[in-house]
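**Q** Sequence plus predicted model, see below.
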Amino acid sequence: MCLHAGEKHGRLAYLPILENWDQNNITFNMLPKIDESQKIVFEFPEKEGWLIVDIIEIAQKWSDGSLENYGLYCHSEGTKSTCVSKFVSSEGVPKKLRPFLLIEYK
């Protein structure tokens, strides 16, 4: 889950990262390899609130070992502007707004 604090509607794409990467040295021009074939796209709301993203297919592959877990790459696509939303990172402040992963086994 992540907190959306933007004012406009948009789309977020989530793709599994396929290689180890260094978060201290990563730039847009030096992105790690991602798997476009496993892209999951979600619409985010116009109003502020929590966005729940279903990544069951990717998480299942991490769990069964068919995909190495190097994390997810997320980016907006098909939006009117690159500044349509604000999302808090895993190191964001305050801590209560940081995204988190919730796994439910049924």
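**A** Here it is on my side, so go on.

**Q** for this structure, what spans make up the helices?
**A** Counting by DSSP state H, residue ranges of the helices within the chain are 56-64.

**Q** Excluding chain neighbours, what is closest to the residue positioned nearest the centre of it?
**A** The geometric centre of the chain, computed from its C-alpha atoms, lies nearest to residue 74 (Cα atoms, centre = their mean), at 3.8 Å. Excluding the flanking residues, the one nearest residue 74 by Cβ to Cβ, 6 or more residues apart in numbering is residue 14, at 5.2 Å. For every residue, glycine as well, the C-beta is placed using N, CA and C.

**Q** about what we covered before: got a list of what the residue nearest to the centre of the chain touches?
**A** Contacts for residue 74 (Cβ atoms under 8 Å, 6 or more residues apart in numbering) come out as 12, 13, 14, 15.

**Q** before we move on, what about residue 39?
**A** 13, 14, 15.

**Q** can you count the residues close to the spatially closest residue to the last one that is not a sequence neighbour?
**A** Same thing as residue 15. Nearest in space to residue 15, with sequence neighbours left out and distances taken as Cβ to Cβ, 6+ apart, is residue 34 at 4.3 Å. Using other Cβ atoms under 10 Å, residue 34 is surrounded by 19 other residues.

**Q** and if you look at the one 10 residues further on?
**A** Residue 44 is surrounded by 21 other residues when neighbours are defined as other Cβ under 10 Å.

**Q** I'd guessed it sits against residue 13; true?
**A** No. Counting by Cβ atoms under 8 Å, residue 44 sits too far from residue 13 to count as a contact (11.1 Å).

**Q** where exactly do the strands run in the chain?
**A** Under the criterion DSSP state E, the chain carries strands at the ranges 2-4, 10-16, 40-44, 49-51, 72-77.

**Q** Minimum distance to residue 62: which of those has it?
**A** Residue 62 sits nearest to strand 10-16 of all the strands of the chain, at 8.1 Å, using Cβ to Cβ.

**Q** With just CA atoms, put that closest one into PDB.
**A** Only the C-alpha atoms of strand 10-16 are listed here, as PDB (Å, rounded to 0.1, in the frame of the first residue of the first chain):
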ATOM      1  CA  GLY A  10      -3.300   8.600 -13.300                       C
ATOM      2  CA  ARG A  11      -1.800   5.100 -13.900                       C
ATOM      3  CA  LEU A  12       1.000   3.400 -12.100                       C
ATOM      4  CA  ALA A  13       2.900   0.500 -13.600                       C
ATOM      5  CA  TYR A  14       4.700  -2.100 -11.400                       C
ATOM      6  CA  LEU A  15       7.400  -4.300 -12.900                       C
ATOM      7  CA  PRO A  16       9.700  -6.800 -11.200                       C
END
